[in-house]
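Participant: After the sequence you'll find the predicted model.
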Amino acid sequence: MSFILTFLISFGISMAMYPLVKRLAFFTNAISVPSKERHVHSLPIPLLGGLSIIIGFGSSIFLNYVFNDNFVADLELIGLVCGILIIMTMGVLDDIIELKPLHKLLFQIAAAVTAILISGSRIEFLTDPNSLTSIITLNPYFSFGITLFWIVALTNAFNIVDGLDGLAAGTGAICALTLFAVSLIRPDAELLGSYAAIVTAALAGALLGFLPFNFNPAKIFMGESGSAFIGFTLAMISMQGTLKSYTALSIFIPVIAFGLPIIDTILAFSRRIIKRKPFYQGDRQHIHHKLIDDLGLSQRATVIILYSASLLLGVLSIFMARSGMRNIGFLLVSLVVILILVIAFIYKPQKSVRPIDAQESQDIPDHENERDEHE
C-alpha cells in the first residue's frame with residue numbers, strides 16, 4: 001500500500017466519521033460551553049472530534065497491516081497502539097465528564113510508561129553541547145525518565161495549542177508531514193523500512209480530513225481526545241523507525257519540528273511559575289490569544305500566521321536532517337534570534353490608554369462583532 005493511498009484512506013475515513021461523531025457528542029452531552037476567561041467561541045460546540053481522527057488513523061494503519069507486506073506489526077507499533085488506547089480513553093472521558101488535571105496526568109503517565117515498556121522506544125542519545133558532531137549515550141534510567149517527560153510534555157503541548165479553530169489539527173498535520181519527509185530523506189530509508197513514513201502519512205491524512213469541519217467557524221472541536229492523541233502519537237513516532245537513527249541530530253529535529261506547541265508550552269509554564277499559579281490553570285496569554293487580543297487579528301488570520309510559523313520550522317528541521325551537522329550552529333543561532341524577536345514583539349507591554357469621554361466614544365465604531373468569527 002503506497003504512502004499516498006495510506007494518506008487518502010485516513011483522510012476519507014476521518015472525514016466520513018464527522019456526522020456520526022457529532023451525533024455521539026450531542027448524545028453524550030460532550031459539548032464545549034464558552035467562557036469569557038479562556039474561550040474565543042461564542043456558541044456551544046460539540047467535542048469528541050478526536051474520535052474521527054483516531055478512527056481514520058487506526059483504519060489506515062490496520063489496512064496497511066493486512067495488505068502491506070512491508071508493514072510489520074512489531075513491538076514499536078504494538079506499544080504505540082496500546083498507549084493510544086489509554087490516551088483515547090482519557091480523552092473521551094474528559095470530553096464527556098471533564099476529568100481533574102491530576103487524573104489526566106495519571107492517564108498520560110500510564111500511557112507513556114505502557115508504550116515505552118512494550119515498544120522499547122526511548123531517547124537514548126543526546127547531542128553533546130560541547131561538540132555538535134558527537135553524541136552522549138544516556139544512562140538507562142535517565143533515558144527512561146527523559147522519554148517519559150518528552151511524551152507527557154508533548155501530549156500536553158498540543159492541548160495548550162488547541163485554542164483556536166483548526167490550529168491544533170493544522171499544526172499537527174504540518175508536524176506529521178515534516179516527520180514523513182524526514183523519514184524518507186535517509187539514503188538507506190528503503191532498507192530500514194517504511195514504518196515511520198506510513199504512520200506519519202496516516203496521521204497527516206486523518207488530521208487534514210478532520211480540518212474542514214474544525215476550521216473557523218468550527219462545526220466540531222477535537223477535544224482532549226484529539227489533542228492528546230496528536231501529541232502522544234507525534235512524541236512516540238519521533239523516536240521510532242528511521243526517525244530514531246538521526247543520532248547526533250536526535251534532539252534537534254523533533255524539537256524544531258514541534259517548535260510552535262513546545263514554545264507555547266514553555267511560555268505558559270513560565271508565566272504560571274512567575275505568577276505562582278497552578279500549572280493546570282488556563283489563561284488568555286497564549287501566543288494565539290495575544291495575536292487576537294493585543295494585535296486585533298481575526299481567528300483565521302492568526303491561525304494562518306501560526307501555520308506559516310510551524311511550516312517554516314518544519315522546513316528548517318527537514319533541511320537540518322538533509323544537511324546533517326553542516327551549518328547547524330548558524331541555523332540554531334538564527335532560530336533563537338528570530339524566536340526572541342517574535343516573542344518580545346508579541347509579549348511587549350501594552351501602552352496605557354487615556355480615558356475617553358462620552359462624546360468621543362460615540363465616534364468610535366464597534367468592532368466587537370467583527371472579531372467574533374463564529375456564527
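Facilitator: Thanks, I have it.

Participant: where exactly do the strands run in the chain?
Facilitator: Remark: strands assigned in the chain by DSSP state E are 31-32, 45-46, 125-127, 135-137.

Participant: What residues sit buried inside the helix with the most length in the chain?
Facilitator: Ranked by residue count and defined by DSSP state H, the top helix of the chain is helix 299-323. With burial defined by 16 or more other Cβ atoms under 10 Å, the residues of helix 299-323 counted as buried are 299, 302-303, 306-307, 309-314, 316-318, 320-321. (C-beta placed from N, C-alpha, C; glycine too.)

Participant: Next: stretch 139-151.
Facilitator: So for stretch 139-151, counting by 16+ other Cβ under 10 Å, buried means Ser143, Phe144, Ile146, Thr147, Leu148, Trp150, Ile151.

Participant: go on, stretch 212-230?
Facilitator: So for stretch 212-230, counting by 16+ other Cβ under 10 Å, buried means 213-230.

Participant: From those residues, which land in helices?
Facilitator: Phe213, Asn214, Gly223, Glu224, Ser225, Gly226, Ser227, Ala228, Phe229, Ile230.

Participant: per-residue pLDDT, the second one?
Facilitator: I take that to be Asn214. Here, the pLDDT recorded for Asn214 equals 94.

Participant: can I assume it is in contact with Phe221?
Facilitator: Yes. Using Cβ atoms under 8 Å, Asn214 is in contact with Phe221, at 6.9 Å.

Participant: Could you pull out the residues contacting both of these two?
Facilitator: Shared contacts of Asn214 and Phe221 (Cβ atoms under 8 Å, 6 or more residues apart in numbering): Gly49.

Participant: hang on, Gly259 packs against Val315?
Facilitator: No. Using Cβ under 8 Å, Gly259 is not in contact with Val315; the gap is 11.3 Å.

Participant: hmm, back to that, list just the one of the strands of the chain that sits closest to Val81.
Facilitator: Among the strands of the chain, strand 125-127 comes nearest to Val81, with 25.4 Å by Cβ to Cβ.

Participant: got a list of what the most centrally placed residue in the chain touches?
Facilitator: Centroid check for the chain by Cα atoms, centre = their mean gives Phe158 as the closest residue, at 3.8 Å. By Cβ under 8 Å, 6+ apart, the contact list for Phe158 reads Ala168, Thr171, Gly172, Ser227, Ala228, Ile230, Gly231, Leu234, Pro261.

Participant: Find the nearest non-adjacent residue to the last one, please.
Facilitator: I take that to be Pro261. Closest residue to Pro261 apart from its sequence neighbours, by Cβ to Cβ, 6 or more residues apart in numbering: Ala157 at 3.8 Å.

Participant: same deal with Val152?
Facilitator: Gln108 (5.0 Å).

Participant: right, and the one you found touches Met90 too?
Facilitator: Yes. Contact criterion Cβ under 8 Å: Gln108 and Met90 qualify, at 7.0 Å.

Participant: joint contacts of these two?
Facilitator: Joint contacts of Gln108 and Met90 (Cβ under 8 Å, 6+ apart) are Ala228.

Participant: low-scoring pLDDT stretches of this structure, where are they?
Facilitator: 1, 35-42, 127-134, 186-193, 241-252, 279-286, 289, 293-294, 324-375 (pLDDT under 70).

Participant: from the contacts of Phe158, which two are the most distant?
Facilitator: Comparing every pair within those by Cβ to Cβ identifies Thr171 and Ala228 as the most remote, at 14.4 Å.

Participant: got the contact list for Gly56?
Facilitator: Counting by Cβ under 8 Å, 6+ apart, Gly56 has contacts 9-15, 17, 202, 205-206, 209-210.

Participant: Helices - which of those residues land there?
Facilitator: Among the contacts of Gly56, the ones falling in helices (DSSP H) are Ile9, Ser10, Phe11, Gly12, Ile13, Ser14, Met15, Ala202, Gly205, Ala206, Gly209, Phe210.

Participant: tell me the contacts of the fifth one?
Facilitator: Residues in contact with Ile13 (Cβ under 8 Å, 6+ apart) are Ile55, Gly56, Ser59, Ser60, Ala206, Gly209.
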